[in-house]
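Enquirer: 3D, please:
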Amino acid sequence: MIFERKKYLGELIAGRGNGLVKIITGVRRCGKSFLLFDIWHNWLLEHGVTDSHIIEIQLDDFRNRRLRKPDALLDYIDSKVVDDGNPYYIVLDEVQLVEEFVEVILSLTHMRNVDVYVSGSNSRFLSSDVVTEFRGRGDEIRIWPLTFDEYFSGIGGDIRKAWLDYYTFGGLPQVALLETEEKKTDYLRGLYETTYLRDVIERNHLRNPEGMKELVRVIASGIGSSTNPTRIANTFQSAQGVTIKRDTIKQYIDYLKDSFLIEEALRYDVKGRKYIGTETKYYFADIGIRAAILNYRQQEETHIMENIIYNELRSRGYNVDVGLVELGGKDENGKFVRKQLEVDFVVNRPPYRVYIQSAFHMPTLEKEQQERRPLLSINDHFRKIVIVGDDIHRKEDELGVLTVGLLDFLTDKKILEQG
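Expert: As a prediction, this is how the structure comes out:
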């Protein structure tokens with residue numbers, strides 16, 4: 001079983017020879033190394049590049065530990081590159097293990113006949129750092145765990161069965177290759193404890209690892225719910241009698257974001273066209289890891305569906321916010337009141353903007369009107385979509401609101417750009 005990762009291969013092809021360092025980022029075990037050392041390697045061979053012109057180094061391999069020294073790494077690459085008129089492709093995995101790695105990579109860009117590809121798994125590879133540290137010489141390619149479409153294209157079979165497995169165990173490629181539920185569960189639990197959590201704790205020298213563990217559980221339990229560090233601190237105090245300062249929680253959350261384990265969706269005032277910084281929402285990069293953190297409790301499909309839609313949108317390259325629409329009107333006593341309605345996702349990638357509601361079921365007309373109301377309160381020409389968990393035929397009403405089934409949405413990459 002092979003997952004082709006066509007989108008990311010296309011991005012590598014598009015960036016080939018553009019003079020920028022291709023920086024492959026993403027949560028650990030999402031398939032970065034396979035993309036570079038298998039998919040990209042094979043594509044280069046198929047398109048006329050010889051093995052001698054592909055220099056690949058996995059820096060987390062202990063046998064390559066000497067190459068973590070800047071001079072040793074540069075000397076090694078220099079010994080392999082000759083000026084024969086053909087480009088060399090340098091692929092460095094886990095390059096943050098190299099001392100002064102930014103300077104090393106910038107030095108490689110001074111060589112006229114090399115094309116550089118590097119991967120990393122921590123905050124040093126976030127977009128802001130790419131711009132700052134690589135002085136405009138970096139081209140970030142963000143890799144996500146398998147989308148449902150990638151997952152189903154690889155495993156085949158019955159689509160509903162595939163969906164059941166996907167929303168339970170997530171989209172990490174290795175998990176998809178395991179045969180039994182027990183093996184998938186054990187792998188995810190072990191990966192979280194021994195890789196993700198340990199990596200965050202050790203890298204940031206945390207003095208309160210138990211506090212970090214509990215914070216992750218709190219966030220996992222509340223995906224899709226608005227919160228903030230102050231509210232989380234209050235939860236610690238009221239539920240456990242534990243005092244953790246707001247600033248400490250904020251810093252811990254930043255560590256989790258830097259590890260690509262979670263992402264933050266900001267609240268956006270649609271009519272006021274401004275961000276509201278009081279609360280935010282968090283989503284996990286992989287829903288299987290979230291399930292393992294909670295020991296497979298809270299497997300509520302409503303919130304899982306929302307998290308998966310968020311990840312799908314981000315993997316397609318969109319920026320995603322949580323929308324708020326403020327309405328004014330009179331209550332039952334005739335008093336003027338203001339009410340805030342929430343739009344699950346405000347999706348942006350110029351020139352596209354789309355407003356999306358996630359509704360697991362809409363069994364009644366009242367429920368349907370409830371989901372559509374925030375969208376109909378937005379007076380602009382951008383697309384408005386309601387995604388439901390049921391298998392339905394697409395339908396667009398006279399007001400332009402499209403209702404589409406979840407699996408239809410997940411397997412149609414062009415749906416947001418249509419209409």
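
Enquirer: where along the stretch 251-400 of the chain do the helices fall?
Expert: Taking DSSP state H, counting those that start in this stretch as the criterion, the stretch 251-400 of the chain contains helices spanning 287-293, 301-315, 365-376.

Enquirer: out of these, deepest packed?
Expert: Per residue and on average, the most neighbours among these fall to helix 287-293, with a mean of 25 (mean count of other Cβ atoms under 10 Å). For every residue, glycine as well, the C-beta is placed using N, CA and C.

Enquirer: output the contacting helices and strands for that one.
Expert: helix 159-169, helix 181-191, helix 209-221, helix 301-315 (3 or more Cβ pairs under 8 Å, 6 or more residues apart in numbering; DSSP states H and E).

Enquirer: how many residues are close by the nearest residue to Val27 once chain neighbours are set aside?
Expert: Spatial nearest neighbour of Val27, chain neighbours left out: Phe260 (3.9 Å); criterion: Cβ to Cβ, 6 or more residues apart in numbering. A count of nearby residues for Phe260, using other Cβ atoms under 10 Å, gives 23.

Enquirer: follow-up on the earlier one: now render the helices of the stretch 251-400 of the chain as TSV, adding distance to Val21.
Expert: What follows is the helices of the stretch 251-400 of the chain, written out as TSV (distance: least, Cβ to Cβ, whole Å):
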stretch	distance to Val21
helix 287-293	29
helix 301-315	22
helix 365-376	41
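
Enquirer: of all those, which one is nearest Phe169?
Expert: helix 287-293 (4.4 Å; Cβ to Cβ).

Enquirer: for that closest one, C-alpha coordinates in PDB please.
Expert: Taking Å, rounded to 0.1, in the frame of the first residue of the first chain, the C-alpha atoms of helix 287-293 are listed here in PDB:
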ATOM      1  CA  ILE A 287      -7.400  13.200  15.100                       C
ATOM      2  CA  GLY A 288      -6.000   9.700  16.000                       C
ATOM      3  CA  ILE A 289      -3.400  11.300  18.300                       C
ATOM      4  CA  ARG A 290      -6.200  13.200  20.000                       C
ATOM      5  CA  ALA A 291      -8.100  10.000  20.500                       C
ATOM      6  CA  ALA A 292      -5.100   8.300  22.000                       C
ATOM      7  CA  ILE A 293      -4.600  11.200  24.400                       C
END
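
Enquirer: ok, and what's touching that helix?
Expert: Residues outside helix 287-293 that contact it (Cβ atoms under 8 Å, 6 or more residues apart in numbering): 167-172, 175, 184-185, 188-189, 191-192, 196, 216-217, 220, 223, 261, 284, 299, 304, 307-308, 311.

Enquirer: can you say which of the residues you listed are buried?
Expert: 167-172, 175, 184-185, 188-189, 191-192, 196, 216, 220, 223, 261, 284, 304, 307-308, 311 (16 or more other Cβ atoms under 10 Å).
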